[in-house]
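> Sequence and predicted structure are below.
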Amino acid sequence: MNIPHSPGLFRSLCSPLPLLFPVLILSSGCDGETGQAQRADLPATNSAPAQPQDAFDLSGLGVDEGSVMTSVIGIIDFSDFGCVYCANFHSDDYPVLYEEFVLTGEVLWKYVPISIGGFPNGELAAVTGICAHELGSTGGFAAMRDHLFAQREEWLSANPSSARELFISYAETLRLNIASFSACIDGNQAVERLERNNAMARQVGVTATPTFIVQGSSVRGAPPLADFQDVLRRIIAESHGEMPGAP
């Protein structure tokens, strides 16, 4: 996936056989149809790369973190707030990746909230995240994303009739404008954005969460942190004309 360095444009070429990870490993994810945990296979690097067949424009989807002007890698992260593996990745691994690669300007990370796992109150949770972005920019979304993952057991078990008030309390905790937030979650715009996210996820073949698209390769399930770091370091080194692993 090559990202043209122009503001607002984020394109992804999706190929069915990733060439990124050094060994065949198993990674855990939530099944997109049932929401249940599953083991997801990550392809090995010694298989020949497939030719990308379609280009998908994701410029209007999700939330970007990082610099579009300096990044050499684009990562699209399709995640469901109800998925425990998404929660674990974003609480444990993403902060490490963010500090090493996103803050340094080398990785542009696009988080696309979706709701395809059938989790209780999952659609409203995704709309809540989208509305936090609408009202509070990227920083507001990041805070709400972390809060939704931290409180996932609470809202997953909430009665649907009272879930709206619970999500509004999260907005209050994060000091968002409650009148604007309430109008957002009750309106159509955020719901339509979620529907576009879900449609794009299905179009690019997302069947489990989290799913990452890294340099045009789809990775289903969260890989071990060390493997993720190794892959990104290698791509960055190669982009700078360096030999991976060289001192």
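Perfect, I can see it now.

> Packing partners of the lengthiest helix in the chain?
Determined from DSSP state H, the single longest helix within the chain is helix 122-150. Here helix 122-150 touches strand 63-65, helix 84-88, strand 107-113, helix 152-156, helix 160-173, helix 178-186, helix 189-203, going by 3 or more Cβ pairs under 8 Å, 6 or more residues apart in numbering; DSSP states H and E. Backbone N, C-alpha and C define where each C-beta goes, glycine included.

> Just want the angle from that helix to helix 189-203.
Compare the direction of helix 122-150 with that of helix 189-203 by axes from the mean of the first three to the mean of the last three Cα atoms, to 10 degrees and you get 90 degrees.

> what angle separates helix 122-150 from helix 178-186?
130 degrees.

> From the chain's centroid, how far away is helix 122-150?
Helix 122-150 has its C-alpha centroid displaced from the chain centroid by 12 Å (Cα atoms, centre = their mean, to the nearest Å).

> what do you get for stretch 154-164?
Per Cα atoms, centre = their mean, the centroid offset for stretch 154-164 relative to its chain is 23 Å.

> Let's have the helices and strands packed on helix 122-150 in TSV, adding mean neighbour count.
Shown next, in TSV, are these (neighbours: other Cβ atoms under 10 Å):
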stretch	mean neighbour count
strand 63-65	20
helix 84-88	21
strand 107-113	24
helix 152-156	16
helix 160-173	15
helix 178-186	16
helix 189-203	17
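
> Relative to residue 100, which of those is closest?
strand 107-113 (8.6 Å; Cβ to Cβ).

> quick one: average pLDDT of stretch 159-177?
Per-residue pLDDT over stretch 159-177 has a mean of 95.

> ok, now stretch 104-120?
93.

> helix or strand for the residue nearest the centre of the chain, which one?
The chain has residue 77 as the residue nearest its centroid, 2.3 Å off, counting by Cα atoms, centre = their mean. In the assignment (DSSP states H and E), residue 77 maps to strand 73-79.

> So which elements touch that strand?
Against strand 73-79 (3+ Cβ pairs under 8 Å, 6+ apart) you get strand 107-113, strand 211-214, helix 225-239.

> In a markdown table: these, plus distance to residue 96.
Below are those laid out as a markdown table (distance: least, Cβ to Cβ, whole Å):
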| stretch | distance to residue 96 |
| --- | --- |
| strand 107-113 | 12 |
| strand 211-214 | 15 |
| helix 225-239 | 6 |
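
> Of those, which is nearest residue 121?
That would be strand 107-113 among those, by Cβ to Cβ, at 13.6 Å.

> Report the angle between the closest one and helix 122-150.
Using the same axes, to 10 degrees: strand 107-113 against helix 122-150 is 130 degrees.

> any idea which helix or strand of the chain has the worst average confidence?
strand 37-42 (a mean of 37; mean pLDDT, DSSP states H and E).

> Next, count neighbours for the nearest residue to residue 136 once chain neighbours are set aside.
Take residue 136 and drop its neighbours on the chain: the residue closest to it by Cβ to Cβ, 6 or more residues apart in numbering is residue 176, 5.9 Å away. Number of residues near residue 176 (other Cβ atoms under 10 Å) recorded here: 23.
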